[in-house]
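J.: Just a sequence and a predicted model for now, questions to come.
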Amino acid sequence: MELEGHPTQDVVEELQRRGGLIHPGSSTGPDAKALELARPRDAVEPGIWLFLPNSAYDTQIDEGPPEL
């Protein structure tokens with residue numbers, strides 16, 4: 001994966017292209033209501049959670065996090 005442009009946003013977009021989902025949440029985890037709407041309950045797939053705080057976008061060249 002070669003990144004160009006805004007590093008944080010490029011990583012987020014690349015992960016989304018590979019099947020990652022963005023959900024609102026906090027350091028305690030994703031918003032439960034947003035998860036209910038994301039996928040049917042019978043479509044459980046193993047994966048990992050990545051908490052990316054808004055401050056991760058504070059690189060002086062990145063735009064802010066995507067609006068959810």
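T.: Perfect, I can see it now. Just so it is clear, the model here is predicted, and its values are computed rather than measured.
J.: give me every residue that touches residue 52.
T.: With contact set as C-beta atoms under 8 Å, 6 or more residues apart in numbering, residue 52 has these partners: 8, 12, 65. Just so you know, the C-beta spots here come from the backbone N, C-alpha and C atoms, and that holds for glycine as well.
J.: and residue 60, how many neighbours does it have?
T.: The criterion is other C-beta atoms under 10 Å. On that basis, residue 60 has 4 neighbouring residues.
J.: any idea how far it lies from residue 36?
T.: In this structure, residue 60 and residue 36 are separated by 37 Å, where distance is defined by C-beta to C-beta, to the nearest Å.
J.: And residue 20, by the same measure?
T.: Taken as C-beta to C-beta, the spacing of residue 20 relative to residue 36 amounts to 18 Å.
J.: between those two, who's got more neighbours?
T.: Neighbours were counted for residue 20 and for residue 36 using other C-beta under 10 Å; residue 20 has more, 14 against 10.
J.: Least confident secondary structure element in the protein?
T.: Lowest by mean pLDDT, DSSP states H and E among the helices and strands of the chain is helix 32-38, with a mean of 78.
J.: Show the low-confidence segments of the chain, by residue range.
T.: Applying pLDDT under 70 to the chain flags residues 1-6, 39-43, 61-64, 68.
J.: Grab the longest helix from it for me.
T.: Among the segments of the chain that qualify as a helix by DSSP state H, the longest is helix 7-17.
J.: how far is that one from where the chain is centred?
T.: Between the centre of helix 7-17 and the centre of its chain there are 8 Å (C-alpha atoms, centre = their mean, to the nearest Å).
J.: List the buried residues in it.
T.: Of the residues in helix 7-17, those with enough neighbours to count as buried (16 or more other C-beta atoms under 10 Å) are 8-9, 11-12.
J.: Determine which two of these are furthest apart.
T.: The two members of those with the most space between them (C-beta to C-beta) are 9 and 11, at 7.4 Å.
J.: Tell me the strands beside the helix or strand following the longest helix of the chain, with direction?
T.: Using DSSP states H and E, the helix or strand that follows helix 7-17 in sequence is strand 25-26. Sheet neighbours of strand 25-26, with direction, are listed as strand 29-30 (antiparallel) (DSSP bridges).
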